[in-house]
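> Fold the following, please.
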Amino acid sequence: MRGRDVAEAGAATRRVSAPSWRDPRFLVGVVLVLAGVVAGARVVDQARDTVEVWALNRPVGAGQTLTAADLTVAEVHLDEATLATYVSARTPPGDVVALRGLAAGELLPRTSIGGADALTARPVTVPVAGSVPPGVAVGALVDVWVVPAPAPADLGGADARSAPERLVEAAEVSALVDGGGALSARSGADVQVVIPVGALPAVLQAVSAEDDLVLVPVPGSAAPGARS
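Got it, this is the predicted structure:
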């Protein structure tokens, strides 16, 4: 009986013994473990592989000069093709203006900045009576309407107003400035609107004639985080 017990114990030992390195299953397991380690290391390396580009820390309207206070450094994952479309944080943007409205948090595209001579429109200050209408914010689009000042009527001696006229469609708001003040007779705000060059004469004429200019927001054009 003792001999049989010894034989059975030896067989059990062989069954639970560690597999030999020549065992194909052992080799396959080692390869899988190594592959997992390599893949994990590659993922970690890619997570650390970031680039620094400029981003906006506040809204900037079209035509406004870009300053250091407007920018912050953002670390992002971008491929080479996409990276080429943004301004690297290693390169100071220099003396440039925004060619379009830039929203807070937006990465700075190369095509969105340039010299002042690249602008095809000009910022014009439009006086607004009372408070700024809801939806009028930096980066938002507005239609500019004029309600001409009353003119003497042909009959009866009473004043009459001409019909309102839209001077500019979908103009971009570039800045908001509180108007009025202790030494000013006017209350309200000044809204800087980027006006196409072709529409400048009509808008400037309305401003100089003290006609009522009304800004009508284009629904849905105000970017999230825009200043109002």
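
> So the residue nearest to residue 101 when sequence neighbours are not counted: helix, strand or coil?
In space, not counting the residues next to it along the chain, residue 101 is nearest to residue 139; the distance is 3.6 Å by C-beta to C-beta, 6 or more residues apart in numbering. To be clear about C-beta, it is placed using only N, CA and C from the backbone, and glycine gets the same treatment. In three-state terms, and counting by DSSP: H, G, I helix; E, B strand; the rest coil, residue 139 is coil.

> Residue 149 sits in which helix or strand?
When secondary structure is defined using DSSP states H and E, no element contains residue 149, which sits outside every helix and strand.

> so how far is residue 112 from it?
With the distance defined as C-beta to C-beta, to the nearest Å, residue 149 ends up 38 Å from residue 112.

> Between these two, which is the more surrounded one?
Using other C-beta atoms under 10 Å as the criterion, residue 149 and residue 112 rank with residue 112 on top: 22 against 13.

> Now do the same contact list for that one.
With contacts taken as C-beta atoms under 8 Å, 6 or more residues apart in numbering, residue 112 has the following neighbours: 98-100, 102.

> and which of those residues is nearest to residue 119?
In terms of C-beta to C-beta, no member of the contacts of residue 112 lies closer to residue 119 than residue 99, at 6.5 Å.

> just the strands in the chain please.
With DSSP state E as the definition, the chain shows strands at residue ranges 51-56, 71-76, 97-98, 113-114, 121-128, 141-147, 151-152, 159-160, 165-178, 189-196, 212-217.

> Using JSON lines, lay out those strands together with distance to residue 203 and mean pLDDT.
Shown next, in JSON lines, are those (distance: least, C-beta to C-beta, whole Å; pLDDT from 0 to 100):
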{"stretch": "strand 51-56", "distance to residue 203": "28", "mean pLDDT": "94"}
{"stretch": "strand 71-76", "distance to residue 203": "31", "mean pLDDT": "93"}
{"stretch": "strand 97-98", "distance to residue 203": "20", "mean pLDDT": "91"}
{"stretch": "strand 113-114", "distance to residue 203": "23", "mean pLDDT": "92"}
{"stretch": "strand 121-128", "distance to residue 203": "6", "mean pLDDT": "88"}
{"stretch": "strand 141-147", "distance to residue 203": "7", "mean pLDDT": "92"}
{"stretch": "strand 151-152", "distance to residue 203": "19", "mean pLDDT": "62"}
{"stretch": "strand 159-160", "distance to residue 203": "23", "mean pLDDT": "58"}
{"stretch": "strand 165-178", "distance to residue 203": "5", "mean pLDDT": "89"}
{"stretch": "strand 189-196", "distance to residue 203": "5", "mean pLDDT": "90"}
{"stretch": "strand 212-217", "distance to residue 203": "8", "mean pLDDT": "90"}
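
> Please identify the most buried of those.
Highest mean neighbour count of the strands of the chain: strand 97-98, a mean of 23 (counted as mean count of other C-beta atoms under 10 Å).
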